[in-house]
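Chemist: Fold the following, please.
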Amino acid sequence: MSLPLKIRRLGRQPYATTWKAMSAFTDNRTADTVDEFWLLEHDPVFTLGQAGKMEHVLAPGEIPVVPVDRGGQVTYHGPGQIVGYPLIDLRRAGVGVRELVNRIEQAIIETLAHWNIVAERREGAPGVYVAEAKVAALGLRVRRGCSFHGLAFNVNMNLEPFHRINPCGYKGLAVTQVLDLGGPSRLADVEDVLAEEFCRQFGFRAEPATPVIPELPARESA
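Modeler: Predicted coordinates for the structure are as follows:
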């Protein structure tokens with residue numbers, strides 16, 4: 001029997017608030033907590049992963065730089081980009097970290113295939129690429145056997161801020177988006193397919209949820 005997955009489509013959200021919420025969700029969840037997949041956009045922000053080096057932030061200008069507790073280097077989030085946060089109990093789902101990354105990448109690859117866009121992954125460089133340009137980045141964290149942080153999928157956005165950084169720590173890395181590859185301009189259209197393909201990759205059963213960030217009661221100390 002497939003496991004349920006609550007799909008929350010949260011619209012545009014500030015980064016810090018969402019980061020705090022998904023961290024709290026992960027800390028406070030129990031063995032019975034249903035897994036969730038949050039889909040949203042962020043206000044403009046550069047995020048720097050745990051191994052991130054400020055030398056890769058070239059000229060941030062007015063866009064804030066936020067050091068965070070995910071893997072990976074620096075990336076950009078902004079309007080017109082789908083950010084997806086899979087909040088999954090990996091043991092219950094029966095996947096390890098490497099398989100988690102592979103299945104998220106494959107969900108994005110299959111999503112792009114809906115519009116005849118041929119994408120691929122690269123060994124040793126997590127994310128999804130089309131003709132040498134990166135269309136989606138990954139940066140994950142696992143705590144207490146559960147995942148948070150996630151993916152950033154460029155759909156219809158201003159790509160200029162990517163020129164202010166070395167994306168994912170790679171100097172001169174080309175970045176692209178769904179619209180420029182011949183796909184749709186509406187985020188909702190891409191979110192629909194991405195949610196479907198994500199569930200297919202993990203064997204989840206989608207359950208639409210209210211478009212608000214959930215509040216869980218704090219766990220009692222042992």
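
Chemist: Contact partners for the residue nearest the centre of the chain?
Modeler: The C-alpha lying nearest the average C-alpha coordinate of the chain belongs to Leu151 (Cα atoms, centre = their mean; 1.8 Å). By Cβ atoms under 8 Å, 6 or more residues apart in numbering, Leu151 lies in contact with 82-84, 86, 104, 108, 136-138. In this view, the C-beta of every residue, glycine as well, is placed from N, C-alpha and C.

Chemist: change it to 7 Å
Modeler: 84, 104, 108, 136, 138 (Cβ atoms under 7 Å, 6 or more residues apart in numbering).

Chemist: For the closest residue to it other than its chain neighbours, give the beta-bridge partners.
Modeler: Spatial nearest neighbour of Leu151, chain neighbours left out: Gly84 (4.6 Å); criterion: Cβ to Cβ, 6 or more residues apart in numbering. On the basis of DSSP bridges, Gly84 is bridged to Leu39, Leu151.

Chemist: My guess is Gly84 contacts Gly150. True?
Modeler: Yes - contact criterion Cβ atoms under 7 Å: Gly84 and Gly150 qualify, at 5.0 Å.

Chemist: ok, the residue nearest to Leu151 to Pro161 distance?
Modeler: 19 Å (Cβ to Cβ, to the nearest Å).

Chemist: Repeat that for Val175.
Modeler: As for Val175, its distance to Pro161 is 10 Å (criterion: Cβ to Cβ).

Chemist: Chain neighbours aside, what residue packs nearest to Ala113?
Modeler: Ala119 (7.5 Å).

Chemist: what's near enough to touch the one you found?
Modeler: So Ala119 contacts 108-109, 112, 128-130, 135 (Cβ under 7 Å, 6+ apart).

Chemist: Then Glu55?
Modeler: By Cβ under 7 Å, 6+ apart, the contact list for Glu55 is empty.

Chemist: Unless I misread the structure, it falls within a helix.
Modeler: Yes - using DSSP: H, G, I helix; E, B strand; the rest coil, the assignment for Glu55 is a helix.

Chemist: Next up, the contacts around Asp89.
Modeler: 35, 145-146.

Chemist: Just the buried residues out of these, in ChimeraX syntax.
Modeler: Command for ChimeraX that selects the buried part of those, burial taken from 16 or more other Cβ atoms under 10 Å:
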select :35,146
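
Chemist: What are the phi and psi values at Glu160?
Modeler: The phi and psi values for Glu160, taken as degrees, to the nearest 10, are phi -50, psi -40.

Chemist: That one: how many residues sit nearby?
Modeler: 9 (other Cβ atoms under 10 Å).

Chemist: Kindly report the same for Asn28.
Modeler: Around Asn28 there are 14 residues (other Cβ under 10 Å).

Chemist: and it, how far is that from Cys146?
Modeler: From Asn28 to Cys146 the distance is 11 Å (Cβ to Cβ).

Chemist: quick one: the helices in the chain?
Modeler: 15-28, 90-93, 97-113, 187-202 (DSSP state H).

Chemist: To Gly78, which of those lies closest?
Modeler: helix 15-28 (10.1 Å; Cβ to Cβ).

Chemist: Run the chain-centre distance for the closest one.
Modeler: Helix 15-28 has its C-alpha centroid displaced from the chain centroid by 14 Å (Cα atoms, centre = their mean, to the nearest Å).

Chemist: got the CA positions of that helix in PDB?
Modeler: Coordinates of the C-alpha atoms in helix 15-28 are reproduced here as PDB (Å, rounded to 0.1, in the frame of the first residue of the first chain):
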ATOM      1  CA  TYR A  15      13.000  32.300   3.300                       C
ATOM      2  CA  ALA A  16      13.900  32.600   7.000                       C
ATOM      3  CA  THR A  17      10.300  31.900   8.200                       C
ATOM      4  CA  THR A  18      10.100  28.800   6.000                       C
ATOM      5  CA  TRP A  19      13.500  27.500   7.000                       C
ATOM      6  CA  LYS A  20      12.500  27.800  10.700                       C
ATOM      7  CA  ALA A  21       9.200  26.100  10.100                       C
ATOM      8  CA  MET A  22      10.600  23.100   8.200                       C
ATOM      9  CA  SER A  23      13.300  22.700  10.800                       C
ATOM     10  CA  ALA A  24      10.700  22.700  13.600                       C
ATOM     11  CA  PHE A  25       8.500  20.300  11.600                       C
ATOM     12  CA  THR A  26      11.500  17.900  11.400                       C
ATOM     13  CA  ASP A  27      12.400  18.200  15.100                       C
ATOM     14  CA  ASN A  28       8.900  17.800  16.400                       C
END
